[in-house]
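Q: What follows is a predicted structure for the sequence shown.
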Amino acid sequence: MAVNSVALLRIVGLATMLAGTAWQPVRAEDTATQHAADSNSCARSAFRVLIDVGHTATSPGADSARGVPEYEFNLKLAEVIAQSLHEAGFDKTVRLVTNGTRMASLFHRVASANNLHGDLFISVHHDSVPDNLKETWQYEGKKYSYSDRFSGYAIFVSNDNADRAASLAFGHSLGQELQKHGLHYTPHYTLPLMGRYRHELIDEEAGVYRYDHLIVLHSAHMPAVLLEAGSIINRQEELELATPERRLMVAEAVTASVEEFCASQGQAVFGRPPASNPASAAITKPSRGIRPATLSRHKRVHSAKT
């Protein structure tokens with residue numbers, strides 16, 4: 001009787017093991033199906049992201065602590081972001097490079113974005129501070145302005161945007177992704193010392209500010225955010241922002257947030273009118289020339305930014 005009991009226990013154990021083994025492929029298959037469903041909820045090849053290069057060559061925005069125009073920082077970061085999005089399957093991503101003077105270029109870039117019928121508009125900038133907060137220093141025999149008091153990114157949305165809720169949702173996601181990469185947002189826009197440049201912080205978790213009067217935000221016919229990737233007037237952060245590693249870090253955060261945002265839309269973008277390419281803006285594909293070797297798939301604070 002004892003022998004039979006042992007044999008019975010062995011049979012039961014073997015049956016349990018076989019049942020467990022048979023269950024594993026089923027669970028793996030279910031997981032793969034779920035992942036495919038999540039991916040299919042975002043039609044990446046049809047989702048059009050517009051990466052706007054802030055400012056122009058003739059109106060380059062703020063100067064960094066070492067005298068480098070903001071436009072140069074914007075151009076290089078936008079290139080890496082666009083490349084990252086293309087590698088993630090967002091084939092219709094375009095980089096908007098606008099020419100002309102400040103005010104004229106603002107209206108041109110918005111017209112270009114709207115004519116392209118984008119699904120998401122991201123304007124790329126780098127931050128500064130009002131002149132009254134700047135100090136002077138000598139660098140390589142020349143005098144420049146700087147302010148080391150503040151550092152970090154800032155995200156802006158407009159309540160007057162055509163889709164404020166989606167703009168805010170993307171801004172929240174972007175801020176969260178930037179923080180996952182070890183970055184922090186700057187709080188200085190909330191401080192009284194900013195005077196008329198002060199803005200309401202509407203998302204304390206992600207670092208999203210309200211800026212209703214920015215032309216590129218309130219006139220866009222799609223969800224839109226403006227990203228200040230960091231402060232180039234801060235001497236230490238300027239050096240970091242000029243590195244391929246920092247640009248890649250920001251690009252990966254943007255790509256992850258775009259993936260999340262696209263999936264949240266839950267729809268393919270079909271039936272969209274054909275895009276036109278206004279002469280006022282250069283619509284470019286990412287250049288392989290400045291792509292970081294490690295790239296995976298994965299302003300000025302005044303009205304000049306409007």
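A: Great, that's in hand.

Q: isn't residue 49 right next to residue 122, touching?
A: Yes. Under the criterion of CB atoms under 8 Å, residue 49 makes contact with residue 122 at 6.8 Å. Placement of C-beta: from N, CA and C, glycine included.

Q: Doesn't residue 129 belong to a strand?
A: No. Residue 129 sits outside any strand when classified using DSSP: H, G, I helix; E, B strand; the rest coil, being coil.

Q: Excluding chain neighbours, what is closest to it?
A: Residue nearest to residue 129 in three dimensions, not counting chain neighbours: residue 147, with 4.8 Å by CB to CB, 6 or more residues apart in numbering.

Q: Relative to residue 193, how far out is that neighbour?
A: As for residue 147, its distance to residue 193 is 11 Å (criterion: CB to CB, to the nearest Å).

Q: before we move on, what about residue 203?
A: Taken as CB to CB, the span from residue 203 to residue 193 is 22 Å.

Q: residues contacting residue 45?
A: Residue 45 is in contact with 89-92, counting by CB atoms under 8 Å, 6 or more residues apart in numbering.

Q: Is the spatially closest residue to residue 158 that is not a sequence neighbour in a helix, a strand, or coil?
A: In this structure, residue 158 finds its nearest non-sequential neighbour in residue 217, 3.7 Å apart by CB to CB, 6+ apart. Following three-state DSSP, we place residue 217 in the helix state.

Q: More neighbours: which of residue 203 and residue 193?
A: The neighbour comparison of residue 203 against residue 193 (other CB atoms under 10 Å) goes to residue 203, with 18 against 12.

Q: Dihedrals phi and psi, that one?
A: Recorded main-chain torsions at residue 203 are phi -140, psi 90, according to degrees, to the nearest 10.

Q: and what of the one 4 residues further on?
A: The phi and psi values for residue 207, taken as degrees, to the nearest 10, are phi 80, psi 40.

Q: For burial, what's the neighbour tally of it?
A: 26.

Q: Quick one: residues contacting the closest residue to it other than its chain neighbours.
A: In space, and not counting its chain neighbours, residue 207 is closest to residue 185: 2.5 Å by CB to CB, 6+ apart. Going by CB under 8 Å, 6+ apart, residue 185 touches 152-155, 175, 178-179, 206-207.

Q: Could you do residue 259 as well?
A: So residue 259 contacts 42, 44, 88 (CB under 8 Å, 6+ apart).

Q: secondary structure class for the most centrally placed residue in the chain?
A: Nearest to the geometric centre of the chain sits residue 254, at 3.3 Å (CA atoms, centre = their mean). Secondary structure, three-state DSSP: residue 254 is helix.

Q: May I ask which helix or strand encompasses the residue lying closest to it once chain neighbours are set aside?
A: In this structure, residue 254 finds its nearest non-sequential neighbour in residue 81, 5.1 Å apart by CB to CB, 6+ apart. Element membership for residue 81, per DSSP states H and E: helix 70-87.

Q: From the chain's centroid, how far away is that helix?
A: How far helix 70-87 lies from its chain's middle: 10 Å, per CA atoms, centre = their mean, to the nearest Å.

Q: Could you check how many residues crowd around residue 215?
A: Other residues close to residue 215 by other CB under 10 Å number 16.

Q: Kind regards, and thank you for your time.
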